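Asks: Sharing a model that was predicted from the sequence below.
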Amino acid sequence: QRTIDENVDELHDGSAIIYDGERSWEADIPEEMTAVDVPLKSLAEDAGGAIMRNVVALGAACELASFDVEYLDEALEKRFGGKGSKIVDNNKEAARLGRDYVRENYDDLDLGYDLETTDSDYVLLNGDEAIGMGAIAAGCRFYAGYPITPATNVMEYLTGRIEEYGGHVVQAEDELSAINMALGAARAGARSMTATSGPGIDLMAETFGLIATSETPLVIADVMRSGPSTGMPTKQEQGDLNMTLYGGHGEVPRFVLAPTTITECFWKTVEAFNYAEKYQTPVYLVSDLALAVTERTFPPEAFDMDDVEIERGKIVDDEEAQEWLDDQGRFRAHADTDDGVSPRALPGTVDGAHMSTGLEHDELGRRTEEEGERVQQVDKRNRKLETARDEEEWDYREFGDPDSENLVISWGSNEGALVEALDLMDEDVRVLSVPYLFPRPDLTDEIEAAENTIVVECNATGQFADVIEHDTLTRVDRINKYTGVRFKADELAAQIDDQLASEVPAQ
């Protein structure tokens, strides 16, 4: 009953609720729902064990949706194949018993569903897997990580796959070790990354500063969950924005990318590796549980590998390294340049030997506290971001009515619910979905052109709304959700309509 009570608001009128009427309680099914009483436990025991009652329910659901239960066979074989053919056969039988029971006892029930199948090839991915696939496509050849929900699937996807391309996955003993291993591999010239969630990002913050100061390219995926502390590991939130934008002692130049869809998890991962090497800077790739665990099918062309471009930046060869030697023949790994990006010599480059340190250093990488050299290096590192702002496209994704005076801004995984909500709203709305958090697009003109501006995000304080107000010097309204569950389209449409109906234009 608790499950029904907690999830019934996700169903529409006419939906079906499958429950086990042989249990000791009487299910309270809303009148507008269809109650489907199936003896799940008894049928599972008939198939070989009560543990399979969820598969019985799946078979019953197939019959209600006019979906041939035989299409489950391949999935059951994949899921249980390692446990032996008897377990696979038992689960197939359990699914069929659920189907048969509904067919025999609810033959006159028509819910109007008719799931279709296709012979076309599709890709089935969740956001974590898309990040892993994007990393391989981008040329990542080293991954170090520590299991943590909901980022673990990135490592699981890479394991067994990256090795086919000459890469390696290392499961470290903790997040500190993971990021330092990844840093070491990056210093050696490999495209390298790690992935974690909020608690791990906290532990990695110190090394994050070392990465930036030593000007080492590295990608760090933060798959957010509810926090702080251990929080709710299996729940969704967008509470790490401030940490990724500002975390770490001192002033640390960085890039922060936030994919808004599962396909963008792939493409933004490719971009992250390019930015990391092109500007020799750490890059945060910020996802969340909603993207991480949501599976969708895509046509293969959604991930066309021919469209993947790899930019390795200012890596110099033996001949080019000669241009960056001082008058004593020493390589200037941190040379002050107009764009802020220094030459990068990988180990083995003739005359490219050098050192880098987390201490402030001069152009040769030697420790210094000399005022002029300190200012030179800080300005040089920060100049990379100014160069990136000029050279790269930091744009938003736009949906809805481009001429509407009602502007809704979001970032990350809220895009899907917002786009779906457009068809449910009473008001015309212009939606801007922002995948680049730093550097980010300047939204001043868009906000000035709007009568009402609302920022939608899954945290309690409105972290991105704060950023926008800082950038544009304009107050914005906020819709926040921090229950641990992502926005749904209908609730978001209702909240936006309510907000706009009560609006007095911000001054």
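Replies: Perfect, thanks for sending it.

Asks: Run through the strands of the stretch 101-250 of the chain in chain order.
Replies: Per DSSP state E, counting those that start in this stretch, the stretch 101-250 of the chain carries strands over the ranges 123-125, 140-145, 168-171, 191-196, 218-224.

Asks: And the contacts of the shortest one?
Replies: By C-beta atoms under 8 Å, 6 or more residues apart in numbering, the surrounding residues in contact with strand 123-125 are 133, 262, 266, 295, 296, 297, 298, 299, 300, 302, 303. C-beta: built from backbone N, CA, C; applies to glycine.

Asks: Likewise for the second one?
Replies: Outside strand 140-145, the residues within contact range by C-beta under 8 Å, 6+ apart are 135, 151-152, 154-155, 158, 162, 165-172, 177-179, 181-182, 185-186, 190-196, 219, 273.

Asks: List only those of those flagged as buried.
Replies: Among the contacts of strand 140-145, those classed as buried by 16 or more other C-beta atoms under 10 Å are 135, 151-152, 154-155, 158, 162, 167-170, 172, 177-179, 181-182, 185-186, 190-196, 219, 273.

Asks: circling back: what subset of the contacts of strand 123-125 is buried?
Replies: 133, 262, 266, 296, 302, 303.

Asks: Identify the farthest-apart pair in the contacts of strand 123-125.
Replies: 295 and 300 (16.0 Å; C-beta to C-beta).

Asks: about what we covered before: in a markdown table: the strands of the stretch 101-250 of the chain, plus mean pLDDT.
Replies: As requested, the strands of the stretch 101-250 of the chain are exported to a markdown table (pLDDT from 0 to 100):
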| stretch | mean pLDDT |
| --- | --- |
| strand 123-125 | 92 |
| strand 140-145 | 98 |
| strand 168-171 | 98 |
| strand 191-196 | 98 |
| strand 218-224 | 98 |
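
Asks: Now distance to residue 79 too, for the ones you listed, in a markdown table please.
Replies: Formatted as a markdown table, the strands of the stretch 101-250 of the chain follow (distance: least, C-beta to C-beta, whole Å):
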| stretch | distance to residue 79 |
| --- | --- |
| strand 123-125 | 14 |
| strand 140-145 | 24 |
| strand 168-171 | 23 |
| strand 191-196 | 25 |
| strand 218-224 | 24 |
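
Asks: Could you list the low-pLDDT ranges of the stretch 301-450 of the chain?
Replies: Under the criterion pLDDT under 70, no range of the stretch 301-450 of the chain is flagged.

Asks: Helices of that one, start to end?
Replies: 318-321, 371-391, 415-421, 444-449 (DSSP state H, counting those that start in this stretch).

Asks: Could you do the stretch 1-150 of the chain as well?
Replies: 2-7, 40-47, 53-64, 73-80, 85-105, 127-137.

Asks: Alpha carbons of the longest one, as PDB, please.
Replies: Output of helix 85-105 as PDB, limited to C-alpha atoms (Å, rounded to 0.1, in the frame of the first residue of the first chain):
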ATOM      1  CA  SER A  85      20.000 -22.100 -17.800                       C
ATOM      2  CA  LYS A  86      17.600 -23.300 -15.100                       C
ATOM      3  CA  ILE A  87      17.400 -19.800 -13.600                       C
ATOM      4  CA  VAL A  88      16.800 -18.300 -17.000                       C
ATOM      5  CA  ASP A  89      14.100 -20.900 -17.800                       C
ATOM      6  CA  ASN A  90      12.400 -20.300 -14.400                       C
ATOM      7  CA  ASN A  91      12.200 -16.500 -15.100                       C
ATOM      8  CA  LYS A  92      10.800 -17.000 -18.600                       C
ATOM      9  CA  GLU A  93       8.200 -19.300 -17.000                       C
ATOM     10  CA  ALA A  94       7.400 -16.700 -14.400                       C
ATOM     11  CA  ALA A  95       6.800 -14.000 -17.000                       C
ATOM     12  CA  ARG A  96       4.500 -16.300 -18.900                       C
ATOM     13  CA  LEU A  97       2.500 -17.200 -15.900                       C
ATOM     14  CA  GLY A  98       1.900 -13.500 -15.200                       C
ATOM     15  CA  ARG A  99       0.900 -13.000 -18.800                       C
ATOM     16  CA  ASP A 100      -1.500 -16.000 -18.800                       C
ATOM     17  CA  TYR A 101      -3.200 -15.000 -15.600                       C
ATOM     18  CA  VAL A 102      -4.000 -11.600 -17.000                       C
ATOM     19  CA  ARG A 103      -5.100 -13.000 -20.300                       C
ATOM     20  CA  GLU A 104      -7.400 -15.500 -18.600                       C
ATOM     21  CA  ASN A 105      -8.900 -13.200 -15.900                       C
END
